[in-house]
Every structure is written in structure tokens, then in C-alpha cells.
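S.K.: after the sequence you'll find the predicted model.
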Amino acid sequence: MTLDNSGMPRKNIHAFWLFFPAASIFAALAVPLSIYSVLSKTGWPPGFLGAGHGHELIFGFALALIAGYTLGPQPNRVLTLLFVLWILARVSWILAPASIAGQLLSPAFALLLARYAVPRFQAAKKWRNRIAGPLILLLCLLSVVFWFSSNTMAASEPAMPDSRRVLTTAIVALLLLMTFIGGRIIAPAVAGTLEKQGIPLEARVQPHVEGALLATLLLALLFSFLPVTAPVAGLLLLVTGFLIVVRAVRWKLWHCRNRPDLLMLALGYLWLATGAGASGLSIVMESNPVSSMHLITIGALGTLSTSVILRLAWQRARRMTPPTWQVVGIASGMAVAAIARLYAGNTPFLEPTALWLAAASWSCIYGFVALQVILLFRDSQNRRK
């Protein structure tokens with residue numbers, strides 16, 4: 001046990017105060033740098049070329065969000081080790097992805113994150129409440145699989161999927177994780193809001209729909225590994241989109257007009273349905289699903305992550321929900337980013353104007369979120385004094 005300067009036990013730091021602003025700053029910088037590295041034809045930074053952009057979005061940005069959301073209070077030494085390892089992994093991959101550090105530090109961070117995050121879910125009594133742990137472990141292990149697939153010797157093995165297919169599978173895993181955790185956040189919040197209005201909500205977690213979603217997405221994840229089974233994965237993603245819409249409609253969200261923060265979460269959840277459906281359709285039609293999957297990684301991940309970050313920060317610092325202008329502005333800006341990126345990907349050549357519009361909207365949002373969290377953290381510390 002560590003003591004502060006007054007000799008009292010020092011409280012552990014909540015991981016979200018560290019990882020959320022760091023992930024937001026990284027997101028704000030990474031996307032425009034990624035577009036510059038492609039459009040400028042300079043090849044700099046090299047870590048964003050090819051599959052590097054997807055690698056950093058999933059195993060850099062998304063895993064940092066997971067760290068902030070799942071780790072909870074941790075001793076300083078644990079958070080310092082994780083945070084420093086995450087920063088070193090990002091810098092080494094971006095500047096020298098082929099180096100030993102660039103290749104090994106990202107999987108090392110992912111495995112260390114799994115070591116501390118996964119056991120936190122094992123105390124739950126119901127198996128559905130414990131499933132978040134294995135899902136996080138799966139996403140972390142895919143970082144290791146990506147390393148094997150991008151390795152020259154491993155890539156020559158016919159049984160090993162290429163790095164882009166690993167990223168596709170990782171996006172499906174991320175879709176699965178967001179579908180599960182998003183539902184567990186939205187359902188009780190909506191139920192509490194409707195209860196105050198005297199409106200009953202029988203369909204809260206909806207275990208049968210949730211179970212169907214978990215089974216469908218797990219199968220989609222398995223079938224996404226191999227090109228020959230990709231059409232089956234596409235069909236399963238179409239089913240996923242339909243099930244997500246059914247679940248969202250049964251929450252009676254139209255009664256939550258006085259809670260824009262909940263409506264923003266619901267919008268992010270519906271982005272999951274849109275992204276799953278569009279990606280599934282692209283796969284079934286044997287077209288490139290990369291553009292459609294940005295509806296998952298920008299529309300859904302962007303909207304859900306910024307919503308959760310702001311809700312947690314405002315609740316911890318001020319014990320209130322985020323202001324309406326922040327919620328509406330961020331949700332609208334993220335929609336602009338997702339639609340612009342979808343449009344750019346559906347043109348014969350990547351449309352530079354649309355790409356830069358998507359990047360500008362994305363970066364402005366995450367830059368603002370990072371600043372807001374830092375200010376709220378300072379406010380919370382001042383209130384404790």
C-alpha cells in the first residue's frame with residue numbers, strides 16, 4: 001500500500017482519466033497523418049501505409065479505449081507500465097513498423113492489457129455477464145495473430161490468413177464487443193429513465209436477442225478468417241444488423257427525448273446495425289467491404305466511444321450528464337465523418353476532399369473530447385481538495 005504526502009493511503013487512479021484523453025489525442029492525430037501518408041506519396045509516416053492504418057485504429061486506439069473502460073482503479077505502477085508500453089508501441093509502429101520494437105510492443109501491450117482487464121469480469125454470477133472478458137481476450141490475441149500474419153515466414157504458410165483478413169476479423173470482434181457492452185450500458189439507463197416517467201420496460205437486456213447476437217457474431221468472426229467462407233460471414237452480418245435494430249426498437253427510445261446523452265448512445269448502437277448490414281451486403285456481393293466497415297469503426301466506434309467518455313467524465317467530475325450542445329455536436333460531426341469516408345471509398349479513386357472532410361471532423365471531435373476530459377479531471381481534483 002502506498003501513502004501520500006500526508007501519510008494517508010493513496011487512492012488508485014481510475015484508468016479512464018489516463019487512457020481516454022490519450023486515446024482521443026492519438027485518434028485526432030493518427031487519422032490525418034494516415035491520409036497524408038497515402039495521398040502525399042511520401043510514405044511518411046510508414047506505420048500508416050497498407051494495413052498499418054487499420055492496425056493502429058484497432059490495436060492502438062480501440063485497445064486504449066478498452067483499457068480506459070475496463071481497467072478501473074489501478075495502482076500507479078500498473079497504469080504506468082501499461083501506459084508507457086502503449087505509447088512506446090504506438091511510436092515504434094508509426095515510425096518503424098518493421099523494427100523489432102514495432103513488431104513486438106503492440107502484442108506485448110495487448111497481452112498485458114488482457115492480463116489485467118480480463119480477470120475483472122470473472123466474478124460475475126451469470127455467464128452472459130462474464131463473456132466480456134473472453135471477448136476482450138480474443139481481440140487482444142488477434143494482435144498476436146496480426147504479428148504472425150505480417151511476419152514473412154508466417155505469411156508463407158497457407159493456413160495463416162493475411163494481415164488484412166486478420167484486421168477484418170478484428171473489426172468483427174470489435175463489433176461483437178461493442179454490441180455486447182453497448183447493450184449492457186443502454187438497457188439499464190433507458191429502463192431507469194422510463195421508470196421515472198412511469199413507463200414499464202419489459203425488454204431490457206433481452207437475453208434471447210442478445211444470445212442470438214452473440215452466436216451470430218461469433219460464427220461471423222470464425223467464417224471471416226477464410227476467403228472461401230466469407231459469403232457466410234456476410235450473411236451472418238446481415239442477420240446481425242437486423243437483430244440490433246430489433247433490440248433497439250424494443251427499448252422504446254422515443255420516450256427518451258429528454259436524455260440526449262442516451263439518444264447519442266442509441267445512435268451509436270444503430271451505427272453498429274448500419275455498419276454490420278452494409279459490410280455484410282458488400283461481402284455477399286463480393287465487393288470490397290473496407291469502405292462499409294468504416295461505418296463500424298467511425299460511425300459506431302466513434303459515436304459510442306465519445307458518448308461513453310463524456311458520460312463518465314461528466315458523471316465523475318460534476319455528477320451530471322454532458323450538455324446537450326456537446327452531445328448533438330459530437331453525434332452530428334461523427335455522422336459527417338462516417339458518411340464522408342463511405343463516399344470516398346465508393347469512388348473510383350479515393351476522393352481527397354471527402355477523405356480530408358472525414359479526417360477533419362473526426363480529429364476535431366476527438367481533440368475536443370480530449371480537452372474536455374482533461375478540464376473535467378482538473379475540476380474533479382480541485383473538488384477533492
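M.R.: Happy to help now that I have it. Residues are numbered from 1 along each chain as shown.
S.K.: low-confidence ranges, the protein, go.
M.R.: 1-11, 152-161, 348-349, 385 (pLDDT under 70).
S.K.: at 90 what do you get?
M.R.: 1-13, 41-43, 50, 122-130, 148-164, 202-205, 225-228, 286-290, 345-351, 380-385 (pLDDT under 90).
S.K.: please, where are all the strands along it?
M.R.: 13-14, 73-74 (DSSP state E).
S.K.: nearest to residue 276, of the ones you listed?
M.R.: Residue 276 lies closest to strand 13-14 among these, at 31.5 Å (C-beta to C-beta). (C-beta placed from N, C-alpha, C; glycine too.)
S.K.: now for that closest one, which elements pack on it?
M.R.: Packed against strand 13-14 by the contact rule (3 or more C-beta pairs under 8 Å, 6 or more residues apart in numbering; DSSP states H and E) you find strand 73-74.
S.K.: which residues are contacting the strand it packs on?
M.R.: Residues outside strand 73-74 that contact it (C-beta atoms under 8 Å, 6 or more residues apart in numbering) are 11, 12, 13, 14, 15, 82, 116.
S.K.: give me the buried subset of those.
M.R.: Among the contacts of strand 73-74, those classed as buried by neighbour count (16 or more other C-beta atoms under 10 Å) are 13, 14, 15, 82, 116.
S.K.: hmm, the second one is touching residue 70, no?
M.R.: The one in question is residue 14. No. Using C-beta atoms under 8 Å, residue 14 is not in contact with residue 70, being 11.4 Å away.
S.K.: adding distance to residue 29, write the buried ones among the contacts of strand 73-74 out as a markdown table.
M.R.: Below are the buried ones among the contacts of strand 73-74 laid out as a markdown table (distance: C-beta to C-beta, whole Å):
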| residue | distance to residue 29 |
| --- | --- |
| 13 | 24 |
| 14 | 24 |
| 15 | 21 |
| 82 | 20 |
| 116 | 26 |
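S.K.: so which of these is the closest to residue 44?
M.R.: Distances from residue 44 to the buried ones among the contacts of strand 73-74, taken by C-beta to C-beta, are shortest for residue 82, at 28.3 Å.
S.K.: what sits against that closest one?
M.R.: Neighbours of residue 82 in contact, by C-beta under 8 Å, 6+ apart: 15, 67, 71, 74, 109, 112, 113, 116.
S.K.: just the closest of the residues you listed to residue 141, please.
M.R.: The closest of the contacts of residue 82, once distances to residue 141 are taken by C-beta to C-beta, is residue 113, at 11.1 Å.
S.K.: how close does the closest one sit to residue 77?
M.R.: 15 Å (C-beta to C-beta, to the nearest Å).
S.K.: quick one: which of these two has more around it?
M.R.: residue 113 (25 against 9; other C-beta atoms under 10 Å).
S.K.: could you find the closest non-adjacent residue to that one?
M.R.: Spatial nearest neighbour of residue 113, excluding adjacent residues (C-beta to C-beta, 6 or more residues apart in numbering): residue 67 at 5.4 Å.
S.K.: circling back: spatially, which two of the contacts of residue 82 are the most separated?
M.R.: Checking these with C-beta to C-beta, the most distant pair is 74 and 109, at 14.7 Å.
S.K.: quick check: closest non-adjacent residue to residue 119.
M.R.: In space, residue 119 is closest to residue 133, 7.3 Å off (C-beta to C-beta, 6+ apart).
S.K.: check contacts around that neighbour.
M.R.: Contacts of residue 133 by C-beta under 8 Å, 6+ apart are 117, 118, 119, 120, 121, 122.
S.K.: still on that earlier bit, any chance of the contacts of strand 73-74 in TSV, plus distance to residue 52?
M.R.: Putting these into TSV (distance: C-beta to C-beta, whole Å) gives the following:
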residue	distance to residue 52
11	38
12	34
13	31
14	31
15	26
82	22
116	26
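S.K.: which residues of the stretch 1-150 of the chain fall in helices?
M.R.: 16-39, 52-55, 63-70, 76-95, 100-117, 127-130, 132-150 (DSSP state H, counting those that start in this stretch).
S.K.: so residue 74 and residue 109 - more neighbours on which side?
M.R.: For residue 74 versus residue 109, neighbours defined as other C-beta under 10 Å are more numerous around residue 109 (27 against 18).
S.K.: who are the contact partners of residue 186?
M.R.: By C-beta under 8 Å, 6+ apart, the neighbours of residue 186 are 251, 262, 265, 266, 269.
S.K.: I'd say residue 240 and residue 212 touch.
M.R.: No. With contact defined as C-beta under 8 Å, residue 240 and residue 212 do not form a contacting pair (9.1 Å).
S.K.: these two - which one has more neighbours?
M.R.: Neighbours were counted for residue 240 and for residue 212 using other C-beta under 10 Å; residue 240 has more, 27 against 16.
S.K.: check contacts around that one.
M.R.: 175, 179, 213, 216, 217, 220, 273, 276, 277, 280.
S.K.: of those - the most surrounded one?
M.R.: Ranked by neighbours (other C-beta under 10 Å), those are led by residue 276, which has 33 neighbours.
S.K.: that one and residue 202: what is the separation?
M.R.: For residue 276, the distance to residue 202 - C-beta to C-beta - is 25 Å.
S.K.: what do you get for residue 142?
M.R.: Taken as C-beta to C-beta, the span from residue 142 to residue 202 is 37 Å.
S.K.: out of these two, which sits in the busier spot?
M.R.: Comparing residue 142 with residue 202 by other C-beta under 10 Å, the one with more neighbours is residue 142, at 24 against 8.
S.K.: name the residues of stretch 370-379 that come out as buried.
M.R.: Neighbour-count burial for stretch 370-379 [16+ other C-beta under 10 Å]: 370, 372, 373, 374, 376, 377.
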